[in-house]
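[1] Okay, sequence plus prediction incoming.
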Amino acid sequence: MGSGDELPTVVARMWGLEAASRRGPRPGLTLERITDAAIELADAEGLAGVRMSSVAARLGVSTMSLYGYVPSKDDLLTAMVDAAAPDPPEPGRLTWREYLARWTRANRDFLAGHPWLLAVSPLTPPIGPRTLRWLDRALTSLAGAGLAGVEAVNIASTLSAYAVSSATLQTAMTGTVDEAGPEGPAGYTALLTRLVDGRGYPGLAAALESGAFGAAPDWVEDDDFAFGLTLLLDGIEALIARRGEGRTEL
């Protein structure tokens, strides 16, 4: 393999494909230990707490010893995104619709469990064995429904983006909207009520008046998530039906 074909160091390590002769890594130090330490810092302090120096301190090694495994902070973040992902649910005997509903919900849940991922994973295409396994399982399920190629990849990307947006909203609404904002959906609704009038924002004012934003604590949790997911799955089902009828128009 020519030098132009060599895998980036961190990618080769994530896949266990690095040549054994590579020099530099500290004996006993592994990419798994590094990413585990970095994830612990991110969970406790957010991404601001993840620095090469802080990860090294947590491991009790010198900062320079990390660079044989992760040449840069960006490489570390790439490895962290993959390491933080659990194994995806397996399709088993589920229909494509049942599986993709479970897949999207599981995706949302692990993102919400590691809020720092919401700032990183949308900018990091799946490249590690775990994140690519998530993509593979979604594509496998869609292939069983007769969808493949660009269509299937676009569907998986859309469902993944919905999981990210839902986890982002859930995370925001369980804390504060921002430093000046009130806590929770009820506080957010109260703030909107003070700011919005029917002349400038007729649609939003009507939604607030109807109680569409809700005062219940689970406004941004299951019911809201399930409604949006149903819309997406209905769209996929309509696409499958069109394919079955030999139609390709939108």
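    Okay, I see it.
[2] residue boundaries of the strands in this protein?
    Counting by DSSP state E, no segments of the chain form strands.
[3] Low-confidence regions, it specifically.
    For the chain, the stretches with pLDDT under 70 are 1-5, 19-27, 174-185, 214-221, 246-250.
[4] Can you give the domain ranges for it?
    3-84, 96-174+220-244 (automatic domain parsing).
[5] how about a markdown table for those, with mean neighbour count added?
    C-beta here means a position set from N, CA and C on the backbone, and glycine is covered the same way. Formatted as a markdown table, those follow (neighbours: other CB atoms under 10 Å):
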| stretch | mean neighbour count |
| --- | --- |
| domain 3-84 | 16 |
| domain 96-174+220-244 | 17 |
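[6] which residues sit against whichever helix in the chain runs longest?
    In the chain, assigned by DSSP state H, the helix with the most residues is helix 149-173. Applying CB atoms under 8 Å, 6 or more residues apart in numbering, the contact partners of helix 149-173 are 100, 103-105, 107-109, 111-112, 115, 118, 121-122, 134-135, 138-139, 142-143, 147, 184-185, 188, 219-221, 224-225, 228-229, 232, 236, 239.
[7] Name the nearest residue to Val119, sequence neighbours excluded.
    One thing to correct before we go on: residue 119 is Ala, not Val. In this structure, Ala119 finds its nearest non-sequential neighbour in Leu47, 6.1 Å apart by CB to CB, 6 or more residues apart in numbering.
[8] Tell me if I'm right that the one you found and Leu118 touch.
    No: counting by CB atoms under 8 Å, Leu47 stays clear of Leu118, with 10.1 Å between them.
[9] For the nearest residue to Ile34 once chain neighbours are set aside, give me its contacts.
    Computed as CB to CB, 6+ apart, the closest residue to Ile34 that is not its neighbour in sequence is Tyr69, at 5.6 Å. With contact set as CB under 8 Å, 6+ apart, Tyr69 has these partners: 9-10, 13, 25, 29-31, 34.
[10] Name the nearest residue to Asn43, sequence neighbours excluded.
    Actually, residue 43 is Asp. It isn't Asn. Per CB to CB, 6+ apart, closest to Asp43 is His114, 6.2 Å.
[11] Check the gap between that neighbour and Tyr69 for me.
    21 Å (CB to CB, to the nearest Å).
[12] any idea how far Tyr188 is from the residue of the chain positioned farthest from its centre?
    Taking CA atoms, centre = their mean, the residue of the chain most remote from its mean C-alpha position is Arg199, at 37.9 Å. Taking CB to CB as the measure, Arg199 falls 22 Å from Tyr188.
[13] likewise Gly60?
    Taking CB to CB, one finds Gly60 at 43 Å from Tyr188.
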